[in-house]
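A.B. asks: Quick one, what's the 3D model for this:
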Amino acid sequence: MADENDAPVLTDRPKKRKSVGRQRDLAKKARVSNHVLGEDYSCSRFQCFQGTTHEEGEALINAFNALESKDSQDSFLSSLIKVESVARRRPRPELEDRAKPKHRSYAFHIKVQREGVAKAVPVCLKRFCAMFGITHRRVRTIQTALKKTGEPKV
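C.D. replies: Here you go, the predicted model:
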């Protein structure tokens, strides 16, 4: 027969899974809401950085970070991207077999609050990425979704 001394003695409570939240959920929320305003640079086409103030940029990035998920952020960003057909095509007969013509052009703008009215300010791609603290790859993903379906990828 077994002795009483053979049974394991439990001094600590067994480890249980936390009932509230997971570490990965917290990390996901932190990734979604930690975008910062990018650096200024000189834009010769639109003069993007002269068109907006630092306070307007801070207001935009705070509103962008307040969105709860990446999907809602992508929807917001896609509302600021306008898909246009290519205005000018130039035939190149010598490169016809290797040519990959561009199918769409994209125009970017940001909406700023001025004198109580929301105003759309045209910006370049680099300024658009810097304004929201996102990468060119994320914009390219939104562009391909807009080109295929007309709405952002969900």
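A.B. asks: lowest average confidence, helix or strand, in this structure?
C.D. replies: One helix or strand of the chain scores below all others by mean pLDDT, DSSP states H and E: helix 48-51, with a mean of 71.
A.B. asks: Which strands or helices does that helix pack on?
C.D. replies: Here helix 48-51 touches strand 117-123, helix 125-132, going by 3 or more C-beta pairs under 8 Å, 6 or more residues apart in numbering; DSSP states H and E. To be clear about C-beta, it is placed using only N, CA and C from the backbone, and glycine gets the same treatment.
A.B. asks: quick one: whatever helix or strand comes next after it to helix 125-132, angle?
C.D. replies: Where DSSP states H and E defines the elements, the next helix or strand beyond helix 48-51 is helix 54-66. Our comparison of helix 54-66 with helix 125-132, counting by axes from the mean of the first three to the mean of the last three C-alpha atoms, to 10 degrees, yields an angle of 70 degrees.
A.B. asks: which other helices and strands contact helix 54-66?
C.D. replies: strand 104-114, helix 125-132.
A.B. asks: among the ones you listed, which is nearest residue 146?
C.D. replies: Closest to residue 146 of the helices and strands packed on helix 54-66, according to C-beta to C-beta: strand 104-114, at 8.0 Å.
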